[in-house]
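Participant: What would the 3D arrangement of this be:
(chains A and B)
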There are 2 protein chains.
Amino acid sequence: MKNFIFQNPAKLVFGKGQIEKLSELIPQNVNLLITYGGGSVTKNGIYDQVKNALKGRNYTEFWGIEPNPRVETLRKAIKLGKENEIDYILAVGGGSVLDGTKLIAAGIASEKDAWDIVLSGVADKQIPFSSVMTVPATGSEMNGGAVITREETHEKFSFGGDYPQFSILDPEVTYSLSEHQIACGLADAYTHVLEQYMTTTGQSRIMDRWAEGLLLTIIEIAPKIKENPNDYDLMADYMLSATLALNDFIRMGITQDWATHQIGHELTALHGITHGHSLAIVMPGTFRALKEQKHEKLLQYGERIFNITEGSEDERVDKAIETTEEFYRSLGLTTRLSEEGVGEETIETIVRRFNERGVAFGENRNVTGDVAREILNECL
Amino acid sequence: MKNFIFQNPAKLVFGKGQIEKLSELIPQNVNLLITYGGGSVTKNGIYDQVKNALKGRNYTEFWGIEPNPRVETLRKAIKLGKENEIDYILAVGGGSVLDGTKLIAAGIASEKDAWDIVLSGVADKQIPFSSVMTVPATGSEMNGGAVITREETHEKFSFGGDYPQFSILDPEVTYSLSEHQIACGLADAYTHVLEQYMTTTGQSRIMDRWAEGLLLTIIEIAPKIKENPNDYDLMADYMLSATLALNDFIRMGITQDWATHQIGHELTALHGITHGHSLAIVMPGTFRALKEQKHEKLLQYGERIFNITEGSEDERVDKAIETTEEFYRSLGLTTRLSEEGVGEETIETIVRRFNERGVAFGENRNVTGDVAREILNECL
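Facilitator: A predicted model of the protein is given here:
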């Protein structure tokens, strides 16, 4: 096990009817900004719940943080926040609204341009923020990361900073999600686990078991949710698994990968493919291209998750990869670039970008532009 | 899943050589008290590591917090702390030193007598405290609980309060632990998991999987540690599993039990049986006495942990209980009251105490004095 430091101070307020706790959770005497997405919360009743919970308090609203939140939009919120001397933000929405809010919180606290904060990789300072999370997927509700898109250049990068002070997770808010949103959310959570799990074996028995526990849970609930997306306990398991998939709990003392995410971000930035969906396309390709490097862990994964114990080691590895792709497809997602009309040209754009940036991703820092090409060719 | 609120702000600083980070972790300008146990840290080099890390800083030392820390001892530390205007405490030792320190931190911040704080169940206020944890067992390094003994009356009760600000866990400090300490530590961690796991089925798939992940890990490492107690990765897994067994991570949205602990505390208070050992004796008895109530979960536990799939349901339940007792014995612990010279008289004392206090423990609040008798009779 590697040395590590763990601290996650975010408060999780989980369950039915918890949105009404907002007024006690948000400190009195703050100058509050509430951030929203495109307006779905006005249709599913969440907006009314928030308004009722905060009756009698003054606040400013900012609407229109889009999926894959754009720095161009967020700069407007930062300007509004500075003008209004905002010192606390509540994000109401999915991972994009909260990720955008993390940048707004940093922008308000800083003189820097918002995109420079993203490029620096870390927000030095943020005003405090919290969330009512409505789309289980990114884990943003209990971590310090955010991913921001610059529309102008079709770039998508992440930065780190503070954790939300609290996040309210009411599984009932998920009842209004579309099948595609749920599929992408499950794929996102599943892949977050794999990015932390599919690395060198034998680093931590417990982290392996906990990652496997999340994978097994997601595999078990996914088909049941298709049958019954309004089952409270199923949606609670889904919502909690998305949070625990990316809140540092399963990465103690181990190496991580994240090459699939870096490639997926490019597909989203260039073609607007939903984040979770982009991962469902790239992850099986990453496994195929790097199956020798990930041989031992793929064997363990195949056996413990899919009960694959027959055949030669290579056959079992191939079977584990195939079964992973089948799982993503079973969610209702395509898993091939060709199905999304993406081909060689995009692949070469991504290779060129990686080469120009001089980056190399993955556990072993060997996913250069050329290796990204191998991976993407496996996704065609 | 039940509604829940989760927040654990403790910082975990885990790994080799981390004790030297003490001087940056403890705030400057605090008036520091360092608390210790009986002196084993002077023999295994930990005391020197702490002294070196804090070279040039002023602090007061308090020595002599005993196993099952006694309020009579802790009152002396509280007096010393008040006289010296202590405003920060570092506990260096095992769970007893840290549990005692939690009461010292509460006592310094309060006008109340220390035992009244324990009896109230919650510390309203504590001065900040942190730990260098040297004995993986109680999980006290990352939770808000503490168990205190009143020697005068042979009583042992718990109270809750703040979490440590940080805890340093260096697996190398475990190399000097005795076989019995390790056996009790593993039994303690294993039983902590069972107290949260062995309840109504179907409350949370993830919590079940994570609890099972810890149980499987402890079962896997226990015999290996016997063979090689100086293997870093084994001891790291042991140390981390003890922390994660009782830091709120595996109790989100589920009911808990803790009847075994309540009975075990009585055995420790009355006969001085080491805490982890007392649990190894009582837990199988609790299972036998309550096997109808816990039938479904015992089946799941038998199958997922011990691969028990043959025979009738009742046979599988019995087999799961037997295998649990065998596991505790395999650690090198006795599992029967008679082996410790404890008999009917003690059982009746415990029954009388429970009845006098009017308490009923366990998931269903049905472990009254009479049910405690049934459980203890199963431990003879």
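Participant: same for whichever helix or strand residue A:236 is part of, what does it pack against?
Facilitator: Assigned by DSSP states H and E, residue A:236 belongs to helix A:232-244. Helix A:232-244 is packed against strand A:4-14, strand A:166-169, helix A:179-197, helix A:205-227, helix B:205-227, with contacts defined by 3 or more C-beta pairs under 8 Å, 6 or more residues apart in numbering or on different chains; DSSP states H and E. Every residue, glycine included, has its C-beta placed from N, CA and C.
Participant: how is chain A carved up into domains?
Facilitator: Following automatic domain parsing, chain A resolves into domains at A:11-173, A:180-377.
Participant: and the first one, average pLDDT?
Facilitator: Translated: domain A:11-173. In this model, domain A:11-173 carries a mean pLDDT of 97.
Participant: same question, stretch A:250-267
Facilitator: pLDDT averaged over stretch A:250-267 gives 98.
Participant: Format the CA atom coordinates belonging to that stretch as CSV.
Facilitator: Extracted as CSV, the C-alpha positions of stretch A:250-267 are listed here (Å, rounded to 0.1, in the frame of the first residue of the first chain):
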residue,chain,number,x,y,z
ILE,A,250,-11.9,3.7,-2.9
ARG,A,251,-8.6,5.2,-3.7
MET,A,252,-6.7,5.0,-0.4
GLY,A,253,-3.1,3.9,-0.9
ILE,A,254,-3.5,2.8,-4.5
THR,A,255,-2.5,4.0,-8.0
GLN,A,256,-5.2,5.2,-10.4
ASP,A,257,-5.6,5.4,-14.2
TRP,A,258,-8.0,8.0,-15.7
ALA,A,259,-6.7,7.6,-19.3
THR,A,260,-10.2,6.7,-20.4
HIS,A,261,-11.6,9.9,-18.9
GLN,A,262,-9.0,12.0,-20.7
ILE,A,263,-9.9,10.5,-24.0
GLY,A,264,-13.6,10.6,-23.3
HIS,A,265,-13.4,14.3,-22.5
GLU,A,266,-12.1,14.9,-26.0
LEU,A,267,-15.0,13.0,-27.5
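Participant: Tell me the buried residues in that stretch?
Facilitator: Across stretch A:250-267, burial judged by 16 or more other C-beta atoms under 10 Å in any protein chain shown covers A:250-254, A:257-267.
Participant: try stretch A:65-73
Facilitator: In stretch A:65-73, counting by 16+ other C-beta under 10 Å, buried: A:65, A:66, A:67, A:68, A:69, A:70, A:71, A:73.
Participant: where does the stretch 151-300 of chain A come near chain B, residue by residue?
Facilitator: A:166, A:171, A:202, A:204-206, A:209-210, A:212-214, A:216-217, A:220-221, A:232-233, A:236-237, A:240-241, A:244, A:249, A:252-253 (C-beta under 8 Å from any C-beta of the partner chain).
Participant: what do you get if the cut-off is 10 Å, keeping everything else the same?
Facilitator: Residues of the stretch 151-300 of chain A found near chain B (C-beta under 10 Å from any C-beta of the partner chain) are A:165-166, A:170-171, A:202-218, A:220-221, A:232-241, A:243-245, A:249-250, A:252-253.
Participant: any idea which of the buried residues of stretch A:250-267 is closest to residue B:190?
Facilitator: The shortest approach to residue B:190 among these belongs to residue A:252, at 19.6 Å (C-beta to C-beta).
Participant: I'd say that closest one and residue A:1 touch.
Facilitator: Yes - between residue A:252 and residue A:1 there is a contact at 7.9 Å, judged by C-beta atoms under 10 Å.
Participant: Quick check: neighbours shared by these two?
Facilitator: Common contact partners of residue A:252 and residue A:1 (C-beta atoms under 10 Å, 6 or more residues apart in numbering or on different chains): A:203, A:204, A:206, A:207, B:14, B:236, B:240.
Participant: can you pull the contacts of the last one?
Facilitator: So that's residue B:240. Contact analysis of residue B:240 by C-beta under 10 Å, 6+ apart lists A:1, A:4, A:6, A:204-207, A:252-253, B:12, B:14, B:136, B:169, B:171, B:189, B:214, B:217.
Participant: how much space is there between it and residue B:232?
Facilitator: For residue B:240, the distance to residue B:232 equals 12 Å [C-beta to C-beta, to the nearest Å].
Participant: before we move on, the earlier item: now distance to residue B:361 too, for the domains of chain A, in a markdown table please.
Facilitator: Putting these into a markdown table (distance: least, C-beta to C-beta, whole Å) gives the following:
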| stretch | distance to residue B:361 |
| --- | --- |
| domain A:11-173 | 25 |
| domain A:180-377 | 27 |
